[in-house]
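[1] model this:
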Amino acid sequence: MTPASRQKFTVPKLLEHKKAGQPVSMVTAYDATFAQLADIAGVDVLLVGDSVGMVMQGNKNTLSVTMEQMAYHTRMVANAKPMSLIVGDMPFGSYQTCHKDALTNAIQLIQSGAEVVKLEGGIYMADTVAAIVEMDIPVMGHVGLTPQSYHRMGGNRVQGRGEGNAAGSRQRVIEDALAIEAAGACALVLEGIPLDVAEQVTQQLSIPTIGIGAGPHCDGQVLVLHDVLGLSERQFTFSKAFGEVRSVVIDSLSSYVKDVRARTWPDEEHSFH
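    A predicted model of the protein is given here:
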């Protein structure tokens, strides 16, 4: 399906898909080129993720990503003018300080081209979600394994396995999800939790859940684009390479290097006269 034959995927369509039992597809995108390709492929939602810090910058976590960087990458994705819904991640420090900062930074992402902003956290972030929603800015929540809680979790570790109400426990994940729904979020990312917990949350919520490492029972799925394409060197249990683009890129560049060294590139056909 080409973009010309598609209708724009909007915020109301998220709920329509849940009610119709139609799964939502979401991938990360950080620039116009890949955003356009994902859009042509029919992806419903493009997430301009703070995962750019790991995928594109080579950092071990997302904590060093700034608002300026997120606004920059959001503009690049928006410049592709996709039919896909554009979701912009609010990076660490852009919404934790106070509601005023959260609103200011959410507005900046929307002005950069995002149509929804996404932030991490449950019960303790519900008021922040509500404050942003009150200003008519759609918010996508994110609970479970929240990468911005890297130090509290001791790394990116599966959440929702233990009992009790402490952060990261099974019951807390459920309570976090319910709190974010009550705050007015339009959708919720469930990351790195057991599939039965994700199923329970999905059944309890009226808003759609989008899973990553959360099993098959969510209302949609999201993966990092570079993992989907097989560009990443590392393989993750929760992910899958649906293509082998890494080997294609290496082979193509190797051929280029070979031709340059052999002085067979550029040839007469590709030279000006």
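
[2] Please enumerate the strands of this protein.
    Ranges of strands in the chain, per DSSP state E, are 24-28, 45-48, 85-89, 116-118, 139-144, 187-191, 209-212, 220-223.

[3] and those strands as JSON lines, adding mean neighbour count and mean pLDDT?
    For the C-beta atoms, the positions are set from N, CA and C on the backbone; glycine is no exception. Formatted as JSON lines, those follow (neighbours: other CB atoms under 10 Å; pLDDT from 0 to 100):
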{"stretch": "strand 24-28", "mean neighbour count": "24", "mean pLDDT": "98"}
{"stretch": "strand 45-48", "mean neighbour count": "29", "mean pLDDT": "98"}
{"stretch": "strand 85-89", "mean neighbour count": "28", "mean pLDDT": "98"}
{"stretch": "strand 116-118", "mean neighbour count": "25", "mean pLDDT": "99"}
{"stretch": "strand 139-144", "mean neighbour count": "28", "mean pLDDT": "98"}
{"stretch": "strand 187-191", "mean neighbour count": "28", "mean pLDDT": "98"}
{"stretch": "strand 209-212", "mean neighbour count": "28", "mean pLDDT": "98"}
{"stretch": "strand 220-223", "mean neighbour count": "22", "mean pLDDT": "98"}
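
[4] nearest to residue 97, of these?
    strand 116-118 (15.7 Å; CB to CB).

[5] now for that closest one, which elements pack on it?
    strand 85-89, helix 99-111, strand 139-144 (3 or more CB pairs under 8 Å, 6 or more residues apart in numbering; DSSP states H and E).

[6] Adding distance to residue 173 as columns, could you present the ones you listed in a markdown table?
    Shown next, in a markdown table, are these (distance: least, CB to CB, whole Å):
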| stretch | distance to residue 173 |
| --- | --- |
| strand 85-89 | 20 |
| helix 99-111 | 22 |
| strand 139-144 | 6 |
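
[7] So which of the ones you listed is nearest residue 182?
    strand 139-144 (10.6 Å).

[8] Contact partners for the closest residue to residue 66 other than its chain neighbours?
    Once flanking residues are discounted, residue 66 sits nearest to residue 91: 6.3 Å by CB to CB, 6 or more residues apart in numbering. By CB atoms under 8 Å, 6 or more residues apart in numbering, residue 91 lies in contact with 50, 62, 65, 66, 67, 69, 70, 148.

[9] ok, so what distance separates residue 91 from residue 118?
    For residue 91, the distance to residue 118 equals 10 Å [CB to CB, to the nearest Å].

[10] now swap in residue 125 and tell me
    From residue 125 to residue 118 the distance is 11 Å (CB to CB).

[11] next one: residue 233
    26 Å.

[12] again, but for residue 131
    As judged by CB to CB, residue 131 and residue 118 stand 15 Å apart.

[13] returning to that earlier point: now the buried members of the contacts of residue 91.
    Neighbour counting by 16 or more other CB atoms under 10 Å classes 50, 62, 65, 67, 69, 70, 148 among these as buried.

[14] Wait, residue 47 touches residue 29, no?
    Yes - if you go by CB atoms under 8 Å, residue 47 and residue 29 touch, sitting 7.1 Å apart.

[15] So residue 41 versus residue 107, what's the distance?
    Going from residue 41 to residue 107 by CB to CB gives 31 Å.
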